[in-house]
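In: Show me how the following folds:
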Amino acid sequence: MRRILFLFFCVGLTSLTVVSCYYDEVLGSGDELPQNVSFNRDVMAIFNKSCNMSGCHDATAAHPPSLVQENAYTSLIQGGFVNTTVPTESSIYAVLAEGNMPPSGSLSSRELKIILAWLNEGALNN
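Out: Just a heads-up that it's a prediction; the model follows:
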(Lines give C-alpha, C1' and ligand atoms only; values in the text may rest on other atoms or scores of the structure.)
Protein backbone atom coordinates (compact mmCIF):
# COMPACT_ATOMS: atom_id res chain seq x y z
CA MET A 1 0.00 0.00 0.00
CA ARG A 2 2.87 2.37 0.79
CA ARG A 3 4.38 1.73 -2.63
CA ILE A 4 1.12 2.60 -4.35
CA LEU A 5 0.78 5.84 -2.35
CA PHE A 6 4.41 6.67 -3.06
CA LEU A 7 3.84 6.00 -6.78
CA PHE A 8 0.75 8.26 -6.83
CA PHE A 9 2.69 10.94 -4.98
CA CYS A 10 5.54 10.78 -7.50
CA VAL A 11 3.20 10.83 -10.49
CA GLY A 12 1.23 13.74 -9.01
CA LEU A 13 4.37 15.69 -8.21
CA THR A 14 5.74 15.13 -11.71
CA SER A 15 2.44 16.19 -13.29
CA LEU A 16 2.27 19.28 -11.14
CA THR A 17 5.84 20.22 -12.05
CA VAL A 18 5.26 19.74 -15.79
CA VAL A 19 1.95 21.62 -15.78
CA SER A 20 3.32 24.51 -13.77
CA CYS A 21 6.23 25.07 -16.15
CA TYR A 22 5.73 27.72 -18.78
CA TYR A 23 7.79 30.25 -20.54
CA ASP A 24 7.13 33.90 -20.97
CA GLU A 25 7.65 35.22 -24.43
CA VAL A 26 8.82 38.78 -24.21
CA LEU A 27 7.31 40.67 -27.08
CA GLY A 28 8.65 43.96 -28.30
CA SER A 29 6.59 47.09 -28.13
CA GLY A 30 6.52 47.33 -31.92
CA ASP A 31 8.56 50.52 -31.64
CA GLU A 32 11.91 48.85 -32.29
CA LEU A 33 13.83 50.06 -35.29
CA PRO A 34 15.36 47.76 -37.87
CA GLN A 35 19.01 46.90 -37.19
CA ASN A 36 20.17 48.74 -40.31
CA VAL A 37 17.62 51.09 -41.76
CA SER A 38 17.18 50.57 -45.48
CA PHE A 39 16.05 53.40 -47.73
CA ASN A 40 14.28 51.06 -50.13
CA ARG A 41 12.65 48.84 -47.49
CA ASP A 42 11.98 51.16 -44.54
CA VAL A 43 12.00 54.79 -45.66
CA MET A 44 10.19 54.17 -48.97
CA ALA A 45 7.44 52.30 -47.09
CA ILE A 46 6.75 55.52 -45.17
CA PHE A 47 6.82 57.66 -48.32
CA ASN A 48 4.55 55.19 -50.14
CA LYS A 49 2.05 55.24 -47.29
CA SER A 50 2.00 58.97 -46.61
CA CYS A 51 3.76 61.15 -49.15
CA ASN A 52 3.90 60.20 -52.82
CA MET A 53 0.23 60.29 -53.71
CA SER A 54 -1.17 62.26 -56.62
CA GLY A 55 -0.90 66.02 -56.18
CA CYS A 56 1.71 65.84 -53.43
CA HIS A 57 5.16 64.32 -53.91
CA ASP A 58 4.37 62.05 -56.85
CA ALA A 59 6.33 61.64 -60.11
CA THR A 60 5.38 65.10 -61.39
CA ALA A 61 6.10 66.54 -57.93
CA ALA A 62 3.68 69.40 -57.51
CA HIS A 63 5.63 69.96 -54.31
CA PRO A 64 9.31 68.95 -54.45
CA PRO A 65 10.82 66.50 -53.76
CA SER A 66 9.38 63.69 -55.85
CA LEU A 67 9.09 60.74 -53.47
CA VAL A 68 8.11 57.97 -55.86
CA GLN A 69 10.42 54.95 -55.81
CA GLU A 70 12.32 55.74 -59.00
CA ASN A 71 12.95 59.41 -58.12
CA ALA A 72 12.96 59.67 -54.33
CA TYR A 73 16.61 59.13 -53.42
CA THR A 74 18.02 61.35 -56.17
CA SER A 75 15.40 64.01 -55.54
CA LEU A 76 16.18 64.10 -51.80
CA ILE A 77 19.95 64.19 -52.19
CA GLN A 78 20.24 66.53 -55.18
CA GLY A 79 17.46 68.78 -53.90
CA GLY A 80 19.32 69.48 -50.66
CA PHE A 81 16.69 67.89 -48.41
CA VAL A 82 19.27 65.75 -46.57
CA ASN A 83 21.96 66.86 -44.12
CA THR A 84 24.04 63.92 -42.90
CA THR A 85 26.32 66.19 -40.85
CA VAL A 86 23.44 67.33 -38.63
CA PRO A 87 20.61 64.92 -39.48
CA THR A 88 17.99 66.71 -37.36
CA GLU A 89 18.53 69.78 -39.55
CA SER A 90 17.66 67.87 -42.72
CA SER A 91 14.68 69.66 -44.20
CA ILE A 92 12.95 66.35 -44.93
CA TYR A 93 13.17 65.43 -41.25
CA ALA A 94 12.39 68.91 -39.89
CA VAL A 95 9.16 69.27 -41.88
CA LEU A 96 8.00 65.81 -40.85
CA ALA A 97 9.00 66.26 -37.19
CA GLU A 98 7.14 69.59 -36.97
CA GLY A 99 4.00 67.73 -38.05
CA ASN A 100 3.45 69.99 -41.07
CA MET A 101 3.62 67.01 -43.40
CA PRO A 102 1.88 64.92 -44.44
CA PRO A 103 -1.35 66.93 -44.55
CA SER A 104 -3.33 63.79 -43.71
CA GLY A 105 -1.72 63.72 -40.24
CA SER A 106 1.65 63.49 -38.56
CA LEU A 107 3.87 60.47 -38.95
CA SER A 108 4.13 58.14 -35.98
CA SER A 109 7.10 58.48 -33.66
CA ARG A 110 8.40 55.16 -35.00
CA GLU A 111 8.27 56.44 -38.59
CA LEU A 112 10.11 59.62 -37.58
CA LYS A 113 12.73 57.53 -35.77
CA ILE A 114 13.21 55.40 -38.90
CA ILE A 115 13.82 58.47 -41.06
CA LEU A 116 16.18 59.97 -38.49
CA ALA A 117 18.05 56.65 -38.15
CA TRP A 118 18.44 56.52 -41.94
CA LEU A 119 19.88 60.05 -41.89
CA ASN A 120 22.17 59.19 -38.95
CA GLU A 121 23.44 56.13 -40.84
CA GLY A 122 24.56 58.38 -43.70
CA ALA A 123 21.38 58.46 -45.84
CA LEU A 124 22.50 55.50 -47.94
CA ASN A 125 20.70 54.40 -51.09
CA ASN A 126 20.22 50.84 -49.86
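In: okay, CA-based contacts and neighbour counts for the rest of this
Out: Noted.
In: and residue 75, what helix or strand is that in?
Out: Assigned by DSSP states H and E, residue 75 belongs to helix 72-78.
In: buried sites along that helix?
Out: 72-73, 75-76 (16 or more other C-alpha atoms under 10 Å).
In: Got the confidence number for the residue nearest to the spatial centre of the chain?
Out: Central residue of the chain (C-alpha atoms, centre = their mean): residue 33, 5.0 Å from the mean position. The model reports residue 33 with a pLDDT of 78.
In: go on, residue 4?
Out: pLDDT, residue 4: 64.
In: cool, and residue 12?
Out: Per the predicted model, pLDDT is 58 at residue 12.
In: got it, and residue 61?
Out: Reported pLDDT at residue 61 in the predicted model: 67.
In: And for residue 26?
Out: pLDDT, read off for residue 26, is 47.
In: what residues are up against the spatially closest residue to residue 123 that is not a sequence neighbour?
Out: With sequence-adjacent residues excluded and distances taken as C-alpha to C-alpha, 6 or more residues apart in numbering, residue 123 is closest to residue 84, at 6.8 Å. Contacts for residue 84 (C-alpha atoms under 8 Å, 6 or more residues apart in numbering) come out as 90, 119-120, 122-123.
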